[in-house]
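Visitor: Here is a sequence together with a model predicted from it:
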Amino acid sequence: MITFLWLVVVGLFGVSGWIIWRAGKTAASLDFRLLQNDASLLEDKGVVVAQMTGLPPGARVVPGAYVFITPVQPTPVRTMNETEVSIWQK
């Protein structure tokens, strides 16, 4: 009987430790994804976006509105011709 109780105690500590470890791992993953500005957080089932912060001045927060992320058009890079390069080298 005592062996059974020890197994129950060890099992409960094991499950409790696993729950705490998983919560810490999830929190660390969320922090990393926030630092990386991961756009998939907006569609993640385990994350609820309650309010957006860091918006540009004059932006309004509309509760319950859908968020659409549009891709940003890349800015074309202009190369210098030989005359411009020689001016910069002086």
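Guide: Cool, got the structure.

Visitor: Now do Lys90, the pLDDT please.
Guide: According to the prediction, Lys90 has pLDDT 58.

Visitor: Excluding sequence neighbours, find me the nearest residue to Val47.
Guide: If you skip the residues right next to it in sequence, Val47 has Leu41 as its closest partner in space, 5.2 Å away by Cβ to Cβ, 6 or more residues apart in numbering. Just so you know, the C-beta spots here come from the backbone N, C-alpha and C atoms, and that holds for glycine as well.

Visitor: where does this protein dip in pLDDT?
Guide: For the chain, the stretches with pLDDT under 70 are 51-52, 80-90.

Visitor: So which residue is smack in the middle of it?
Guide: For the chain, the residue nearest the mean C-alpha position is Arg33 (2.3 Å; Cα atoms, centre = their mean).

Visitor: Mind naming the longest helix for this structure?
Guide: As assigned by DSSP state H, the longest helix anywhere in the chain is helix 2-35.

Visitor: one step back: my read: the residue nearest to the centre of the chain touches Leu42, true?
Guide: No: if you go by Cβ atoms under 8 Å, Arg33 and Leu42 don't touch, sitting 11.0 Å apart.

Visitor: coming back round to it: residues in contact with the residue nearest to Val47?
Guide: Applying Cβ atoms under 8 Å, 6 or more residues apart in numbering to Leu41 gives the contacts Leu30, Arg33, Leu34, Val47, Val49.

Visitor: Could you check how far the residue nearest to the centre of the chain is from Gly46?
Guide: 11 Å (Cβ to Cβ, to the nearest Å).

Visitor: got it, and Thr79?
Guide: Counting by Cβ to Cβ - Thr79 and Gly46 are separated by 46 Å.

Visitor: State the distance from the closest residue to Ala39 other than its chain neighbours to Glu43.
Guide: Nearest residue to Ala39 in three dimensions, chain neighbours excluded: Ile69, at 5.4 Å (Cβ to Cβ, 6+ apart). Ile69 sits 10 Å away from Glu43, going by Cβ to Cβ.
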